[in-house]
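In: Starting from these lines, generate the structure:
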Amino acid sequence: MSAAPVYLLRKFLRLPGLIFWIMALGMLFRCLFVFVASKAFYPNLEGLAAYNGDSNSYIFSAQNLLVLGEYTFDTQNPEAYFGREPGYPFFLLLHFFLFGPGLGLQAVVISQLLLDVVAIFLLYRISQRFFHPLAAPVLALVYALYPFTVVWIPVIGTELFATFLTVLFFYAFVYWRTKRWGYVAIGVLAAACLLTRMYLGALLLVPFLGILWESRFRIRTMVLQGSLCMAGFLVVYVAWPIRNYLQANEVILLKPATAGYPEYSSDYNAFRNWVQLWETDVDYYTERVFQDSTIAVFPEQVLATEEERNIARRALILTLSCSKGFQYQAREAFAAHEPVYTEECTAQATVLFDSLAMLYRNRKPLQAALYVPGKNIKKLFLKSETKGEGSAMVRILFGYRSVLLILAFGSLFYFRTYKTWTVAAFPLFMYLFICIGIRQLEMRYILQADVLMLLLLCPLAIKWLQPSKGKLL
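Out: Coordinates of the predicted model:
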């Protein structure tokens, strides 16, 4: 591009009040989706609110606390008292209290819309301070028209609220860390993020990287600032495990393995862990187990030995007759009879699936270690190329996401500065943890990471707008 258009663009980006026009555009885009397009996007829309598989657990947790004084989404299930971290249910509770049960959920959607508009401004301000004022309107415009957060505005779930908290947390890090009690406030926000969405505890990587870099590894400074951050974090966080201990007389730091859902009991979790050694789509094989009920549902190379085939047959007999997780899975998926199970049968099925996983790892160690993470990483970057990923429009949108993500990674490895690595610390952890650790990649799990990666577009924008200015960051 010639110098004249770039010069004019620089002048345009410096226009007073430009951010408010961008925010107005973002508001219009969000209103069009929430009040018009969401009706086609979400078949189960009730008023403005849409629901997914997690929505009821958040709603019931808030309602039971308001009406019964008990924090749980299922009063008949002891683990449901600890199944949901309190951040988002308390957000719902505030709306139920202010607007009543009838309008509360509609008000939540409006609040989520407004919070996402505020996030445009926060990202603008982050870019102004952390990178360069010229890049700030570019980033704000990208986020104002970013479809992957907008689609979550009507949904009663943590995705949008957690994204706002993540942006607010990074804003606090950029603007407050130099203030006297700044690291205390950052720690408080980190705890709020953790108690909203468990994985967001990894945001603590950001202030600790900042402390290491800016203290130049001076021990006294690192200890002081790190202690202030942890003090703020613990003041908010410890109330949750203390409450859990008083309720259950055992230590529950966040939530139990089942998250309060009996369909995720140990037998089903063991089955899932086994399947995720050789395939990403656990739901497909869960359905096939109920439909076929024989080991023929599994690929031949997975059950390659007679020992594995015998174990799989015994495991299927138990899962279809008396193991807890699978009995509840059958009820949820096929409206089957009320679950009939025993704890002994559940334990036996768990051992059998654990044995299958061990045998597969021993027989194919590289395949078990690399195949599913590799497929997840490919999907992370190229979801639009994944088989069966919806309409042409959906594929185009995910192609757009891929371009943004590849540009962000290109920026990270091209500039390689303290600031770019600080931005990328949390997203990189999340991508690796989801793809390799839990091996279950869903776009909603990495939504907050994707949004922070947008900040890495700022150095590229500066490089383009000021190519002869030398050091940019």
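In: and the helix or strand hosting A330, which residues are buried?
Out: Assigned by DSSP states H and E, A330 belongs to helix 324-334. By 16 or more other C-beta atoms under 10 Å, the buried positions in helix 324-334 come out as 324-330. (Glycine included, C-beta is placed from N, CA and C.)
In: Show me what it is packed against.
Out: helix 266-275, helix 282-292, helix 343-363 (3 or more C-beta pairs under 8 Å, 6 or more residues apart in numbering; DSSP states H and E).
In: Show me which positions of the longest one end up buried.
Out: In terms of neighbour count (16+ other C-beta under 10 Å), helix 343-363 has its buried residues at 345-357, 359-360.
In: What of the second one?
Out: Residues of helix 282-292 classed as buried: 282, 285-286, 289-290 (neighbour count, 16+ other C-beta under 10 Å).
In: other SSEs contacting the following helix or strand past that helix?
Out: If you walk from helix 282-292 toward the C-terminus, the next helix or strand you reach (DSSP H and E) is helix 306-321. Applying 3+ C-beta pairs under 8 Å, 6+ apart, one finds that helix 306-321 makes contact with helix 266-275, helix 282-292, helix 343-363.
In: Helix 306-321 to helix 282-292, inter-axis angle?
Out: Relative orientation of helix 306-321 and helix 282-292, computed by axes from the mean of the first three to the mean of the last three C-alpha atoms, to 10 degrees: 80 degrees.
In: What residues of helix 306-321 count as buried?
Out: By 16+ other C-beta under 10 Å, the buried positions in helix 306-321 come out as 308-309, 311-312, 315-316, 318-319.
In: tally of neighbours for Y124?
Out: Burial measure for Y124: 24 neighbouring residues, criterion other C-beta atoms under 10 Å.
In: what helix or strand does it sit in?
Out: helix 87-130.
In: Tell me the helices and strands packed up against that helix.
Out: Helix 87-130 packs on helix 18-32, helix 55-67, helix 135-144, helix 147-150, helix 158-176, going by 3+ C-beta pairs under 8 Å, 6+ apart.
In: Name the surrounding residues that touch stretch 395-404.
Out: The contact list for stretch 395-404 (C-beta atoms under 8 Å, 6 or more residues apart in numbering) reads 142, 147-148, 381-384, 389, 450, 453-454, 457.
In: Write the PyMOL selection for whichever of these are buried.
Out: Selecting the buried subset of these in PyMOL, with 16+ other C-beta under 10 Å as the burial test, is done by:
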select buried, resi 142+148+382+383+384+450+453+454+457
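In: For the contacts of stretch 395-404, give me CSV that also has distance to F170.
Out: Below are these laid out as CSV (distance: C-beta to C-beta, whole Å):
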residue, distance to F170
V142, 16
P147, 21
F148, 18
F381, 23
L382, 27
K383, 24
S384, 27
E389, 30
D450, 13
M453, 12
L454, 11
L457, 15
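In: Keep only those of the contacts of stretch 395-404 that are in strands.
Out: Applying DSSP state E to these, no entry is found in strands.
In: Throw the contacts of stretch 395-404 into a markdown table and include distance to T158 and pLDDT, thanks.
Out: Shown next, in a markdown table, are the contacts of stretch 395-404 (distance: C-beta to C-beta, whole Å; pLDDT from 0 to 100):
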| residue | distance to T158 | pLDDT |
| --- | --- | --- |
| V142 | 23 | 97 |
| P147 | 19 | 95 |
| F148 | 15 | 95 |
| F381 | 25 | 92 |
| L382 | 26 | 88 |
| K383 | 21 | 78 |
| S384 | 25 | 62 |
| E389 | 23 | 57 |
| D450 | 15 | 97 |
| M453 | 19 | 97 |
| L454 | 20 | 97 |
| L457 | 25 | 94 |
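In: from the contacts of stretch 395-404, which single one is nearest L412?
Out: Using C-beta to C-beta, M453 comes nearest to L412 of the contacts of stretch 395-404, at 8.4 Å.
In: can I assume that closest one is in contact with F426?
Out: No - M453 is beyond contact range of F426, at 9.4 Å (criterion: C-beta atoms under 8 Å).
In: Tell me where the model's unsure across the stretch 201-350 of the chain.
Out: Residues of the stretch 201-350 of the chain meeting the criterion pLDDT under 70: 332-337.
In: can I get the helices and strands packed on helix 87-130 in CSV with distance to S266?
Out: Shown next, in CSV, are these (distance: least, C-beta to C-beta, whole Å):
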stretch, distance to S266
helix 18-32, 42
helix 55-67, 20
helix 135-144, 41
helix 147-150, 34
helix 158-176, 25
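In: between the ones you listed, which one is nearest to R84?
Out: Nearest of the helices and strands packed on helix 87-130 (C-beta to C-beta): helix 55-67, 5.0 Å.
In: Alpha carbons of the closest one, as CSV, please.
Out: Taking Å, rounded to 0.1, in the frame of the first residue of the first chain, the C-alpha atoms of helix 55-67 are listed here in CSV:
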residue,chain,number,x,y,z
SER,A,55,-27.8,-23.7,31.8
ASN,A,56,-30.2,-25.5,34.3
SER,A,57,-27.4,-26.2,36.8
TYR,A,58,-26.6,-22.5,37.0
ILE,A,59,-30.2,-21.4,37.1
PHE,A,60,-31.2,-24.0,39.8
SER,A,61,-28.1,-23.1,41.9
ALA,A,62,-29.2,-19.5,42.0
GLN,A,63,-32.9,-20.2,42.5
ASN,A,64,-32.3,-22.7,45.3
LEU,A,65,-30.0,-20.3,47.1
LEU,A,66,-32.6,-17.5,46.8
VAL,A,67,-35.7,-19.6,47.7
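In: in it, what's buried?
Out: Under 16+ other C-beta under 10 Å, the buried positions of helix 55-67 are 55, 57-65.
In: Give me the residues contacting that helix.
Out: 70-75, 80, 83-84, 86, 88-90, 92-93, 96-97, 101, 105, 155-158, 260-261.
In: Counting neighbours, which of the residues you listed end up buried?
Out: Buried among the contacts of helix 55-67 (16+ other C-beta under 10 Å): 71-74, 80, 83-84, 86, 88-90, 92-93, 96, 105, 155-158, 260-261.
In: Touching stretch 206-221 from outside, list them.
Out: Contact partners of stretch 206-221, identified using C-beta under 8 Å, 6+ apart, comprise 169-170, 173, 177, 183, 186-187, 190, 222, 225-226, 229, 418, 421-422, 425-426.
In: ok, and for it, which residues are buried?
Out: Neighbour count says stretch 206-221 has 206-207, 209-211, 215 buried, by 16+ other C-beta under 10 Å.
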